[in-house]
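Enquirer: Kindly generate the corresponding structure for this input.
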Amino acid sequence: MDLLRINTAGSVDDGKSTLIGRFLNDSNALTIEQVELIERKTREKGMDDLDFSVLTDGLIAEREQGITIDVAHIYFSSESRKFIIADSPGHVEYTRNMVTGASNSEVSIILIDARKGLLEQTHRHYFISTLLRLQTVVFCINKMDLVGYSEDVFLKIAADINKMTGGFAYKPDIHVLPISSLKGDNVVFASDNTPWYKGESMSGILHNIKPNAQDTDAFRLDVQQVLHVQNAEFTDYRAYAGRIISGSVKLGDKLTVLPSGTASEVVEIRRFTNTLASATAGDSIQLRLKDDVDVSRGMMLVQQPDDSLLSKDIKATLVWMDEKPSVPGGRYTIQASTRTAACKLQGIDAIIPPENPTAVYEAASLKLNDIAKVQLKTAAPLFLDRFEDNRGNGAFILVDTQTNNTVAVGFVE
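Expert: You can find the predicted model right below:
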């Protein structure tokens, strides 16, 4: 059964939590206890319609403010697909949370209040969706019940969306549909209130999306552990354990160790006690090579060595996630999976305002939620691909060496 990772985003009180609750309810994915909780909270609030937001607005501070602050993850399955939904906060101050929620997603659902149209956060969330190279973006124009299910309102907002998305080089698959998460219109079932809308419901769109196929990308295995075993069953056994970031590998393939450049042939692929003929992206495996080569944690195995993987100069788009601003020439630890190195923030080329990406400006430092084009210098190569070429091996984080805080996430250009 295919797994689809979804991120929901929107401005404050656009109805994201209610939409997720409605989606689960109408998909018959709620437990009896969850249904009872919804009904009880609805009675306590004196509401006429069921309050589905209680399913995801789990933190006390969120409930007091009536908003979602942290990223809530919801896991459920339908008859034909498994879903992981990340419900991201709506406030502009929590853009870093939206990046976190969308980082592992394939689809972004961006909610728009039909009464308000496109807001700054809409532009910001779409920009982040393109930055993260999400394959599909679904714009749900919510609260259509509050504008009388007006087709004119829908078409006006759809035209604004088309204008906004037209200014980006990266083009995900885009869907625009009218919904009411409170009433359930076009969430799982087609609505009689929008006879002018001929498209699929949100559920129909999500069930028809094909997941990313990372096994077609270049092979990358991040070495996490070198296994030495000496017992009755295994004599002088030496294997390299790790998770395949992208691509696939099979017996007989010739692999190159980075950074040494030493090459050898795959003679065994093992997962637990099972031996395999091949393995693909996402598999955690042990590889045994024909030759006794020098490999340790933090190295990488590839099929096609590329000089760019050994570069210590990185141009990237950086999202600053720390409340403490960056400092010119600041020194940090850069990390991608098990690979770490000291690095220096060489320069900030431009700050990109997501609500208007063409209006870039210069700055000497980065502050919370800033998105910028930067140059980094690393003490050792991190074996990174360009993010748009290999989403699984093109991202990294920066860590403050004094506080150990994750201060930024970056995407290699």
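Enquirer: Could you point out the longest strand of the chain?
Expert: In the chain, taking DSSP state E as the definition, the longest strand is strand 339-351.
Enquirer: what comes up buried for that strand?
Expert: Neighbour-count burial for strand 339-351 flags Arg339, Thr340, Ala341, Cys343, Leu345, Gln346, Ile348, Ile351 (criterion: 16 or more other Cβ atoms under 10 Å). Placement of C-beta: from N, CA and C, glycine included.
Enquirer: which residues does the first one contact?
Expert: Arg339 is in contact with Asp222, Gly298, Met300, Leu382, Phe383, counting by Cβ atoms under 8 Å, 6 or more residues apart in numbering.
Enquirer: start to end distance for stretch 314-328?
Expert: Distance across stretch 314-328, first residue to last, is 16 Å (Cα to Cα, to the nearest Å).
Enquirer: next one: stretch 358-375
Expert: Length of stretch 358-375, first residue to last, Cα to Cα: 19 Å.
Enquirer: would you list every one of the helices in this structure?
Expert: 16-26, 32-45, 60-65, 95-102, 120-131, 151-165, 202-207 (DSSP state H).
Enquirer: what's the closest of those helices to Pro259?
Expert: Nearest to Pro259 among the helices of the chain is helix 120-131; the distance by Cβ to Cβ comes to 28.6 Å.
Enquirer: what angle separates that closest one from helix 95-102?
Expert: If you take axes from the mean of the first three to the mean of the last three Cα atoms, to 10 degrees, helix 120-131 sits at 40 degrees to helix 95-102.
Enquirer: got the angle between helix 120-131 and helix 151-165?
Expert: 50 degrees.
Enquirer: Would you mark the buried spots in helix 120-131?
Expert: Neighbour-count burial for helix 120-131 flags Gln121, Thr122, His123, Arg124, His125, Tyr126, Phe127, Ile128, Ser129, Thr130, Leu131 (criterion: 16+ other Cβ under 10 Å).
Enquirer: With stretch 174-184 instead?
Expert: His175, Val176, Leu177, Pro178, Ile179, Ser180, Ser181, Leu182, Lys183, Gly184.
Enquirer: contacting residues around the third one?
Expert: Which is Leu177. Shown in contact with Leu177 (Cβ under 8 Å, 6+ apart): Val138, Phe139, Cys140, Ile141, Asn186, Tyr197, Gly199, Glu200, Ser201, Met202, Ile205.
Enquirer: And for the fourth one?
Expert: Contacts here follow Cβ under 8 Å, 6+ apart; on that basis Pro178 touches Ala114, Ile141, Met144, Tyr149, Phe154, Asp185, Asn186, Thr194, Tyr197.
Enquirer: so the fourth one makes contact with Asn193?
Expert: Read it as Tyr149. Yes - taking Cβ atoms under 8 Å as the definition, Tyr149 is a contact partner of Asn193 at 4.6 Å.
Enquirer: Can you check which residues contact both of those two?
Expert: When contacts are counted by Cβ under 8 Å, 6+ apart, Tyr149 and Asn193 have Asp185 as shared neighbours.
Enquirer: Between these two, which has more neighbouring residues?
Expert: Between Tyr149 and Asn193, Tyr149 has the larger neighbour count (other Cβ atoms under 10 Å), namely 21 against 16.
Enquirer: Contact partners for that one?
Expert: The contact partners of Tyr149, by Cβ under 8 Å, 6+ apart, come to Pro178, Asp185, Asn193, Thr194.
Enquirer: Gly184 is in contact with the last one, correct?
Expert: No - counting by Cβ under 8 Å, Thr194 stays clear of Gly184, with 12.0 Å between them.
Enquirer: which one of the contacts of Pro178 sits closest to Arg40?
Expert: Closest approach to Arg40 among these (Cβ to Cβ): Asp185, at 25.1 Å.
Enquirer: Against Thr194, how distant is that closest one?
Expert: 6 Å (Cβ to Cβ, to the nearest Å).
Enquirer: cool, and Gly148?
Expert: Counting by Cβ to Cβ, the gap from Gly148 to Thr194 is 11 Å.
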